[in-house]
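Q: here are the coordinates; sequence isn't available:
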């Protein structure tokens, strides 16, 4: 049985409130996780819930913390996440970024000392649906090799962008700067699948398809070699170096470190208000023309249409509204770890 969006959100919020997270913070976090599941990005949705709960119970993520603005100007701010859940800090920052950009056109918000932020693309699509072009970057403990290295140099630092398209769903890209997100390696290994050889680099600097080696004895390969390495470095600069947060090996592992230890993640949020910068009718015409041109290109055999970033995810959202969210077995297994926190097990998880 598949849960509806509201059923899964209600369950997620109930679990978070059971460990004394406030109703507003629990709702904000649940919205991110369940929307991510509805988009079909199951590695970054409610599968993370049990790990977040352990971190909250252990004190590494602070239950009553609230993000605070340390310094700011008309178009920028540095925010201390105070070791709250990353979704709490990130929701605060994307809202602040949109507020500032609505006044001056463009804004940058640096978020330091936060928890794992989850899917960066949630925040970009949220801004895009309100008329903002957005880019979100994050950093993480090193797990990704650089060209020529034997071990990890940077995290699988995410970069996402969202672009509003009047009359349509936004263009929305969310990628790890590694060849693949680490969560996908774990998920494939748990399912007993052999991973592609371009996902991992072993301790000798050679490609490997043995998922069991990661992360102790293998690193993620950078996306597209030196190109992914360059974008990973860009994420490190915008997320950690510019706002004064932790970088590389000073960032912790929210999954493997003791639960009483903060993870010191960081993120950068850049938004541009198309309503301020562009003439709206002209912008709408140009964006729709661009999309129509891409949709209209001649395709290879067996391909119906070239799609835009985000279109697959919006199709997943539409399907989930009709049939519920089809949670994979590994996600359901992780959710069962939280059943002790609710008074009655939901029927869809039985």
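A: Cool, got the structure. From a predicted model like this one, the values you see are computed outputs, not experimental measurements.

Q: okay, now the domains of this structure?
A: Here the domain parsing of the chain from automatic domain parsing is 1-58+326-350, 61-178+222-309.

Q: which ones are touching residue 54?
A: residue 259 (Cβ atoms under 8 Å, 6 or more residues apart in numbering). To be clear about C-beta, it is placed using only N, CA and C from the backbone, and glycine gets the same treatment.

Q: sorry, back to before: tabulate the domains of the chain in CSV, adding columns for mean pLDDT.
A: Listed next are the domains of the chain as CSV, based on pLDDT from 0 to 100:
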stretch, mean pLDDT
domain 1-58+326-350, 96
domain 61-178+222-309, 97
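
Q: what does the pLDDT read for residue 183?
A: Listed pLDDT for residue 183 reads 77.

Q: confirm it sits in a strand?
A: No - checked against DSSP: H, G, I helix; E, B strand; the rest coil, residue 183 lies outside a strand; its state is helix.

Q: contact partners for the closest residue to it other than its chain neighbours?
A: Beyond its immediate neighbours in the sequence, the residue positioned closest to residue 183 (Cβ to Cβ, 6 or more residues apart in numbering) is residue 43, lying 3.6 Å away. Contacts for residue 43 (Cβ under 8 Å, 6+ apart) come out as 181, 183, 184, 187.

Q: quick check: closest non-adjacent residue to the third one.
A: Spelled out, that is residue 184. Counting by Cβ to Cβ, 6+ apart, the residue nearest residue 184 is residue 43, at 5.6 Å.

Q: got phi/psi on that neighbour?
A: The phi/psi pair for residue 43 (degrees, to the nearest 10) reads phi -70, psi -20.

Q: tally of neighbours for residue 48?
A: 25 (other Cβ atoms under 10 Å).

Q: next one: it from residue 28, what distance?
A: 15 Å (Cβ to Cβ, to the nearest Å).

Q: and the longest helix seen in the chain, what other elements does it pack with?
A: Taking DSSP state H as the criterion, the chain has its longest helix at helix 86-104. Packing partners of helix 86-104 (3 or more Cβ pairs under 8 Å, 6 or more residues apart in numbering; DSSP states H and E): helix 23-38, strand 76-80, strand 106-114, helix 120-128, strand 132-138, strand 265-273, helix 274-277.

Q: which residues touch the one residue sitting closest to the centre of the chain?
A: The C-alpha lying nearest the average C-alpha coordinate of the chain belongs to residue 119 (Cα atoms, centre = their mean; 1.4 Å). With contact set as Cβ under 8 Å, 6+ apart, residue 119 has these partners: 32, 36, 39, 41, 44, 45, 158, 160, 174.

Q: using JSON lines, lay out those residues together with distance to residue 230 and neighbour count.
A: As requested, the contacts of residue 119 are exported to JSON lines (distance: Cβ to Cβ, whole Å; neighbours: other Cβ atoms under 10 Å):
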{"residue": "32", "distance to residue 230": "28", "neighbour count": "24"}
{"residue": "36", "distance to residue 230": "27", "neighbour count": "24"}
{"residue": "39", "distance to residue 230": "27", "neighbour count": "25"}
{"residue": "41", "distance to residue 230": "24", "neighbour count": "20"}
{"residue": "44", "distance to residue 230": "23", "neighbour count": "24"}
{"residue": "45", "distance to residue 230": "29", "neighbour count": "26"}
{"residue": "158", "distance to residue 230": "15", "neighbour count": "27"}
{"residue": "160", "distance to residue 230": "17", "neighbour count": "22"}
{"residue": "174", "distance to residue 230": "18", "neighbour count": "25"}
